[in-house]
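1. can you look at this prediction? I've put the sequence above it.
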Protein chains: 2
Amino acid sequence: MEIAWIGTGIMGAPMARRLLRAGHRVRVWNRSPEKANALAADGATIAADAAAAARGAQAIFIMVPDTPDVEAVVAQIEPALARGQTVIDMSTIAPAAERAIAARMAGHGVAYLDAPVSGGESGAIEGTLTIMVGGDETAFAFARPLFEHLGKRATWMGPSGAGQTTKLANQIAVAVTLEAAAEAIKFARAGGIDPARALEALGGGAAASWQLSNLGPKIIARDYRPGFFVKLIRKDLRLVTEAAEHAGLKLPGLALMVAMFEAARTLGHDEDGTQAVAAALDSVSGLK
Amino acid sequence: MEIAWIGTGIMGAPMARRLLRAGHRVRVWNRSPEKANALAADGATIAADAAAAARGAQAIFIMVPDTPDVEAVVAQIEPALARGQTVIDMSTIAPAAERAIAARMAGHGVAYLDAPVSGGESGAIEGTLTIMVGGDETAFAFARPLFEHLGKRATWMGPSGAGQTTKLANQIAVAVTLEAAAEAIKFARAGGIDPARALEALGGGAAASWQLSNLGPKIIARDYRPGFFVKLIRKDLRLVTEAAEHAGLKLPGLALMVAMFEAARTLGHDEDGTQAVAAALDSVSGLK
């Protein structure tokens, strides 16, 4: 299939590479050209601009950091789009923005899916992402074989915006569950328990979580190298907070995690992994 | 083996029953005698008082609600204890209280383990509890074959009190992770997502947790029937808070959950399951 891939950063590049390896023809474009150029070795065509990448492609993927970035890409490709194309935004952005874009695309006869992912860089490389999809079900059926190269599970969540809403719910759970792990480890260590042994004891029961078993060992080692950046979860939690306020929801765990990751940023951890939230705990309680 | 089992409530009764079925001779005692009497049908001997149960038993188990309850049982059995016996407290109580009791028992030549459990009533019935043990390692080696009838995993965590400290760390993770699940479900539902579908999407990735997959469906159904009581996690979190303050730790997620479960109690959910914390979220944000 003729595919356009716009945004070849830490997530987008390995995802585009998986579509190339599956035999698809992929034209790539990225705001910083050197990141797109790296994909030429994998057989990608390097497009001169976003519109050139999009023109005539059956599926046009977008994977960029934030709402304004998606809106900018959509504005650039819009003049090049034609009836029957499908645009698939895999970025994590505001659900309301996706609904507005999808409505505009529908006016051009262009299908639009919001399809954010969970699973981080390793999931992008290994093709084990979780993909949460909002939009027209026919468009989802069209995109599904492509999603199968990228993730182990693609779930249709509902109409336009539903993928983003699900992803934001996911990020609430990720952030608050990480705090659970960090506080449990902090408490055990301060109480003189070997934290690795505590992790083993806690990992088999009602305290078990992906965050505890995957980030717990890094928290114990105070290894803050990034899997998923503090700066990106801060962006996601800002989107959640806006959507929650819009819906009239009060979510105190979410509010706490906005404060905790802000503390991590203040301590210089914005380019570190989310587990650096443990450093914010250390900063108030000491290295016990 | 001659075993005494003191405290035959919702957890203690099925645990004592498992030891009976494994062929041990068990004398039981409970403050409310009718709960102990129910075990006669399983072959238990009903003791007249705690001291009579303990006298001459090789292993004396205690499973009661709180620190003062354990201290009261210990005071009752102390005159009947003799050198070489092992007392195993499986209640969840303050680590400092266990250390004080263990020191006093050592003066009588009696071994003392703190061995709290995680896994709830179903774990007690099925023998799949996680058991976290503090105290002398020789006593742990003696008790291990008995623990194998009660749980799928018994881990020696360190000297006296270490079992309780680990259990309290476990309860921090349980409580805060439950909030993560409740808020994610609340957000998804308010955003028009089918919450069961959201649970499926979130359960396969970085948001996954035991709380989400086991209590999530109950939160969605607003089914607050108890697995583990709000009143008991409130007690546990009080113990955690005391120990954290003693250690000079500031744990904001813990503090939040003390407030959330207090809100659940105020709403009349003290005898409901911990997942009723979702009702406290509903009370501030409405049934969206």
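-> Yes, it's here.
2. which residues does stretch A:56-63 contact?
-> Stretch A:56-63 has contacts (CB atoms under 8 Å, 6 or more residues apart in numbering or on different chains) with A:1-9, A:11-12, A:15-16, A:27, A:53-54, A:70, A:73-74, A:77, A:81-82, A:85-91, A:142-143, A:146. Yep, even glycine has a C-beta here, placed from its N, CA and C like the rest.
3. how far does it sit from its chain's centre?
-> Relative to its parent chain, stretch A:56-63 has a centroid offset of 18 Å by CA atoms, centre = their mean, to the nearest Å.
4. measure that stretch end to end?
-> One end of stretch A:56-63 to the other measures 19 Å (CA to CA, to the nearest Å).
5. show me what counts as buried in that stretch.
-> Residues A:57, A:59-63 are the ones in stretch A:56-63 that count as buried (16 or more other CB atoms under 10 Å in any protein chain shown).
6. in helices, which of the contacts of stretch A:56-63 appear?
-> The helices, defined by DSSP state H, take in A:12, A:15-16, A:53-54, A:70, A:73-74, A:77, A:142-143, A:146 from the contacts of stretch A:56-63.
7. with respect to A:A243, which of those residues is nearest?
-> A:V70 (15.6 Å; CB to CB).
8. show me what contacts that closest one?
-> So A:V70 contacts A:62, A:64, A:89, A:91, A:93, A:97, A:101 (CB under 8 Å, 6+ apart).
9. got it, and A:R234?
-> A:258, A:261-262, A:265, A:270.
10. kindly reformat those residues as a markdown table containing secondary structure, distance to B:V284 and neighbour count.
-> Conversion of the contacts of A:R234 to a markdown table gives the following (DSSP: H, G, I helix; E, B strand; the rest coil; distance: CB to CB, whole Å; neighbours: other CB atoms under 10 Å in any protein chain shown):
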| residue | secondary structure | distance to B:V284 | neighbour count |
| --- | --- | --- | --- |
| A:V258 | helix | 17 | 18 |
| A:F261 | helix | 23 | 27 |
| A:E262 | helix | 23 | 15 |
| A:R265 | helix | 28 | 17 |
| A:D270 | coil | 31 | 17 |
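11. now render these as a markdown table, adding distance to A:G135 and pLDDT.
-> Supplementary listing: the contacts of A:R234 in a markdown table, determined by distance: CB to CB, whole Å; pLDDT from 0 to 100:
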| residue | distance to A:G135 | pLDDT |
| --- | --- | --- |
| A:V258 | 29 | 98 |
| A:F261 | 30 | 98 |
| A:E262 | 33 | 98 |
| A:R265 | 33 | 98 |
| A:D270 | 32 | 98 |
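12. close to chain B, is the longest strand along chain A?
-> Looking across chain A with DSSP state E, the single longest strand is strand A:151-158. Yes: using CB under 8 Å from any CB of the partner chain, we find that strand A:151-158 touches chain B at A:152-153, A:155, A:157-158.
13. which of those count as buried?
-> Buried, going by 16+ other CB under 10 Å: A:152-153, A:155, A:157-158, out of those.
14. out of the residues you listed, the closest to chain B would be?
-> Using CB to the nearest CB, A:T155 comes nearest to chain B of those, at 4.6 Å.
15. now the closest one. Nearest residue, chain neighbours left out?
-> B:A201 (4.6 Å; CB to CB, 6 or more residues apart in numbering or on different chains).
16. now do whichever strand or helix holds the one you found against strand A:151-158, angle only.
-> Per DSSP states H and E, B:A201 falls inside helix B:195-202. Here the directions of helix B:195-202 and strand A:151-158 differ by 160 degrees (axes from the mean of the first three to the mean of the last three CA atoms, to 10 degrees).
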